[in-house]
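> pasting the sequence and the predicted coordinates here, then a few questions.
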Amino acid sequence: MKLENEFLYAEISEMGAEVIRIYDKENQRDILWEGDPKYWKRHSPVLFPNVGKTYRNTVRIGGIQYPTSQHGFARDTMFICIKSSKDNASFMILSNEEMKEVYPYDFELHISYQLRGKELEVEWQVKNRTAETMYFTIGGHPAFRFAEAGEKKEDYFLKFPGKTELNYILVDPASGTGVPDQSYPLELEQEMYPVSEEMFEKDALIFDGQLEEVWLCRKDRTPYVGLRCKGFPNFGIWSVKDAPFVCLEPWVGRCDNVGFEGDISEKPGITQLEAGEKFVKAYQIIVA
């Protein structure tokens, strides 16, 4: 599916309802990572029904233990396009028996995209079609390629508008789940922090309850691309060694804490959706 306006061109794949291209017409350059499998084969997957990993790759729901996969199954599921125009499109999946083998709820997941000027808005809607409470986490994972060939992480800064200091946690390397008891300071200078390879040596940086807007800036500190996610409780920043991209990840909920083996309803930060109710959340990718 192709979307276009005066400033931007975007392509969305029905596989995972994933944005696979964002092109900046004014500066004649691609903004989104092209998915080179040498580093990372994806572009901007939607993470559902779980963000990140669950402890020991299992989840307990109503006394039954189910297997899980990192970031859930939505990103590898074929969606149906249910609405489209020149500058917007909506996609949907319904739960099926195969999904219920790992996630026992009846649900609808709608993912919509809207171009507005130099912004691409991404909206998620989750509808609970069961007669019981449904629990989930959901997140975005867009990867932004560097503006010029040959640029490295050290050619970029991260900007955190309005922030003077931040704290983040890391994941336990053995289980891939969060270690909330040990946080680390991110010391900012005029809202900025330099990007480096060392920054991602221990995987993603996880921010809880702190970020609603982050920008990737060029070496001269001019804005390049930003992400705004008002009301989102969690945020991840991630990259791969030597890869020419940085992921800015807005999440509603995140990976399990290391050692968590309770019911999904007891998970810190879990989203609870009552029978028949609808969850709606949106974020914006902003091209400078």
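It's in.
> going forward, measure contacts between C-alpha atoms and count neighbours the same way
Fine.
> surely S265 is in a helix?
Yes. With DSSP: H, G, I helix; E, B strand; the rest coil as the criterion, S265 is assigned to a helix.
> for it, grab the count of nearby residues.
17 (other CA atoms under 10 Å).
> where do the helices sit along this protein?
97-100 (DSSP state H).
> quick one: low-confidence residue ranges for it.
Low-confidence regions of the chain, defined here as pLDDT under 70, do not occur.
> now for the most centrally placed residue in it: which residues touch it?
Centroid-nearest residue in the chain, with CA atoms, centre = their mean: G140, separated by 1.9 Å. If a contact means CA atoms under 8 Å, 6 or more residues apart in numbering, then G140 has 44-47, 249-251 as its contacts.
> could you list which of these belong to strands?
For those, the ones inside strands are 46-47, 249-251, with DSSP state E as the criterion.
> compare those and tell me which is most surrounded.
That'd be P250 among these, by other CA under 10 Å, with 30 neighbours.
> could you find the closest non-adjacent residue to it?
Distances taken as CA to CA, 6 or more residues apart in numbering put F235 closest to P250, at 4.8 Å, once the chain neighbours are dropped.
> my read: Y156 touches R218, true?
Yes. Between Y156 and R218 there is a contact under CA atoms under 8 Å: 4.8 Å.
> and the two? Which one has more around it.
Y156 (24 against 19).
> check contacts around the more buried one.
Counting by CA under 8 Å, 6+ apart, the residues that Y156 touches are 194-195, 216-219, 221.
> among the residues you listed, which one is most surrounded by other residues?
Highest neighbour count within the contacts of Y156, by other CA under 10 Å: L216, with 27 neighbours.
> surely that one meets F245?
No. Using CA under 8 Å, L216 makes no contact with F245, being 10.1 Å away.
> tell me the phi and psi of P37?
Phi and psi for P37, reported as degrees, to the nearest 10, are phi -70, psi -10.
> might you report the residue contacts of it?
Per CA under 8 Å, 6+ apart, neighbours of P37: none.
> let's have the chain start at 35 instead
Okay, using 35 as the starting number, the last item reads as P71.
> how close does the spatially closest residue to K186 that is not a sequence neighbour get to W272?
Sequence neighbours aside, P278 is the residue nearest to K186 in space, at 6.0 Å (criterion: CA to CA, 6+ apart). P278 sits 12 Å away from W272, going by CA to CA, to the nearest Å.
> the nearest residue to V274 once chain neighbours are set aside: how many residues sit nearby?
Excluding its sequence neighbours, the residue lying closest to V274 (CA to CA, 6+ apart) is Y73, at 6.5 Å. Using other CA under 10 Å, Y73 is surrounded by 14 other residues.
> check Q99 too.
Using other CA under 10 Å, Q99 has 15 neighbouring residues.
> ok, back up a step: which of the ones in strands among the contacts of G174 lies closest to C263?
Nearest to C263 among these is P284, at 6.4 Å by CA to CA.
> am I right that the closest one is in contact with H175?
Yes. Counting by CA under 8 Å, P284 touches H175, with 7.2 Å between them.
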